[in-house]
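Colleague: Below are the sequence and a predicted model for it; my questions follow.
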Amino acid sequence: MTDPRRSEYFLRRLVSVPSVSGNEEACVDVCLALMNEIGLKTKRVECDQDPGAVNVEGIFGNKPPVLCLTGHIDTIPFTDMTVNPLGEERNGRFYGRGASDMKGGLAAILAAVERVIKNAPPPRGTILVVATAREETIKSGGYQLAHDHRDVDGIVCAEPTDCRIAIAATGSLPLRLDVHGKPGHSSHSGSGINAIRATLGVVDALYQEFGDTVTVPYVGERQRGFNAGVIRGGMAQPVVAESCSVWLDVRVFPGETNTRLLERADAVRQRFERSIPGLRLKVTPDRLDYQGNSYPLGSLAYHIHVDRGMKPLLTTPGTPLVKTFVEALRSEGGDAALTMMSGWGDIEFLATDHGVPAIYFGPGDIKAAHTRDESIDFHKYHLAISVFERAITTFLRADSGIEPD
Ligand SMILES: [Zn+2]
């Protein structure tokens, strides 16, 4: 017997406590309390080199295999929300900051794990639940998780996939484009070389270069995401702008390298330098934080975002983890066709650095994430819980009969 109100309790509790990235302490306490309540052995884990960032871990069992289930605690800010950011229910949906991204996913994990633990017989393997810190900003929680748990047999992150199984995700190449022209007076037509005007042309050319379609193994064709996020340049209206800088985000697909993508950006740079004598362009890796500052060289944030970088992820469908979730989702009547997450999530560290099979599966919808009226569909929420319950039970059973291809 399952009690939908009990399942929804986890969602309501998590959304009711603010956890804007960097101010997560109150929700850390709630995560600890909820994990204790469902029968996990819990601990707080401070993240190295990021003071105040805390992961919450809960564990059940001590035998192999170990399945790790994870979701980030933090959310983006409440700015301009048109619904109660701490939760309200309407027409079969639950509204609030983090409802989709991704307290809904974390809540679904907790509800499912409680059912699995209470079921008889209890699971044979080990369930490890990790609620991670600061995914929306520095990403120190996911980085710490990879450091602490490289030996797990599989990891599932409940980012919003609308109850689809995502075996792939894009990485991100952060670039800075600096354009230098020549100053002049605006009253004199043709004076100087306007760096702002040149920049607009270069950015447009880069949009064309990186608007390509890529074939992702097992998934199909996807169009690349590319974004000019910040632009700064010029001095005053009567002055022909001497310099302009733009910060860009190029999404990276499985199998691609940053080196190759940089070469493509550089080819565009060379084309413009040749066509406008006197114009100088430079393309370098760089990422700004949400306050508009570059991450300091040598900091953990610089390492994660620029030096190491956020890499693409691909898990082959033949692994027991993927097969288990496909079977569970199919059995519960969901859409079991494999897909890809368009964004990046923090299980990438564990997957690419330590080769742990990793997937994204969560009840939220990426289209509802980060919106002013963020919400989650209750039907999808309950579906995800049933799928998690079934998949966790199967994966942890030694005689599951599911072998890798
Ligand atoms: Zn997220």
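Modeller: Nice, I can see it. A quick note: this is a predicted structure, and the numbers were derived from the prediction, not measured.
Colleague: Let's see stretch 18-30 as PDB, backbone CA atoms only.
Modeller: Output of stretch 18-30 as PDB, limited to C-alpha atoms (Å, rounded to 0.1, in the frame of the first residue of the first chain):
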ATOM      1  CA  PRO A  18      14.600  28.200   1.100                       C
ATOM      2  CA  SER A  19      18.000  27.000  -0.200                       C
ATOM      3  CA  VAL A  20      19.200  29.600  -2.700                       C
ATOM      4  CA  SER A  21      22.700  28.500  -3.800                       C
ATOM      5  CA  GLY A  22      25.200  29.500  -1.100                       C
ATOM      6  CA  ASN A  23      22.500  29.800   1.600                       C
ATOM      7  CA  GLU A  24      21.500  26.200   2.000                       C
ATOM      8  CA  GLU A  25      22.000  25.500   5.700                       C
ATOM      9  CA  ALA A  26      18.300  25.400   6.700                       C
ATOM     10  CA  CYS A  27      17.500  22.900   3.900                       C
ATOM     11  CA  VAL A  28      20.600  20.900   4.800                       C
ATOM     12  CA  ASP A  29      19.000  20.400   8.200                       C
ATOM     13  CA  VAL A  30      15.700  19.300   6.600                       C
END
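Colleague: Contacts for that stretch, please.
Modeller: Applying C-beta atoms under 8 Å, 6 or more residues apart in numbering, the external contacts of stretch 18-30 come out as 13-14, 17, 44, 52-54, 56, 73-78, 85-86, 97-98, 131, 133-137. The C-beta positions use only the backbone N, C-alpha and C, and glycine is treated the same way.
Colleague: Any stretches of this structure with poor pLDDT?
Modeller: Low-confidence segments of the chain (pLDDT under 70): 1, 398-405.
Colleague: can you map out the helices along it?
Modeller: For the chain, applying DSSP state H gives helices covering 4-15, 25-37, 103-118, 140-148, 195-209, 258-275, 300-302, 320-331, 348-354, 378-396.
Colleague: So which of those helices is nearest the ion?
Modeller: helix 103-118 (8.0 Å; C-beta to the ion).
Colleague: How far does the closest one sit from its chain's centre?
Modeller: Chain-centre distance of helix 103-118: 20 Å, with C-alpha atoms, centre = their mean, to the nearest Å.
Colleague: circling back to that earlier point, would you mind checking the contacts of stretch 18-30 for buried ones?
Modeller: The neighbour-count criterion (16 or more other C-beta atoms under 10 Å) marks 13-14, 17, 53-54, 56, 73-76, 78, 85-86, 97-98, 131, 133-137 among the contacts of stretch 18-30 as buried.
Colleague: now, which of those lie close to the ion?
Modeller: For the ion, no contacts are drawn from the buried ones among the contacts of stretch 18-30 by C-beta under 5 Å from the ion.
Colleague: Quick check: closest non-adjacent residue to the residue nearest to the spatial centre of the chain.
Modeller: With distances taken as C-alpha atoms, centre = their mean, residue 345 lies nearest the centre of the chain, 2.7 Å away. Distance criterion C-beta to C-beta, 6 or more residues apart in numbering; nearest residue to residue 345, sequence neighbours excluded, is residue 159 at 4.6 Å.
Colleague: Make a markdown table out of the helices of the chain and add distance to residue 340.
Modeller: Below are these laid out as a markdown table (distance: least, C-beta to C-beta, whole Å):
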| stretch | distance to residue 340 |
| --- | --- |
| helix 4-15 | 26 |
| helix 25-37 | 28 |
| helix 103-118 | 17 |
| helix 140-148 | 18 |
| helix 195-209 | 21 |
| helix 258-275 | 18 |
| helix 300-302 | 26 |
| helix 320-331 | 13 |
| helix 348-354 | 13 |
| helix 378-396 | 18 |
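Colleague: count of neighbours near the closest residue to residue 369 other than its chain neighbours?
Modeller: Leaving aside its chain neighbours, residue 369 sits nearest to residue 101 (3.5 Å; criterion: C-beta to C-beta, 6+ apart). Neighbourhood size, residue 101 [other C-beta atoms under 10 Å]: 29.
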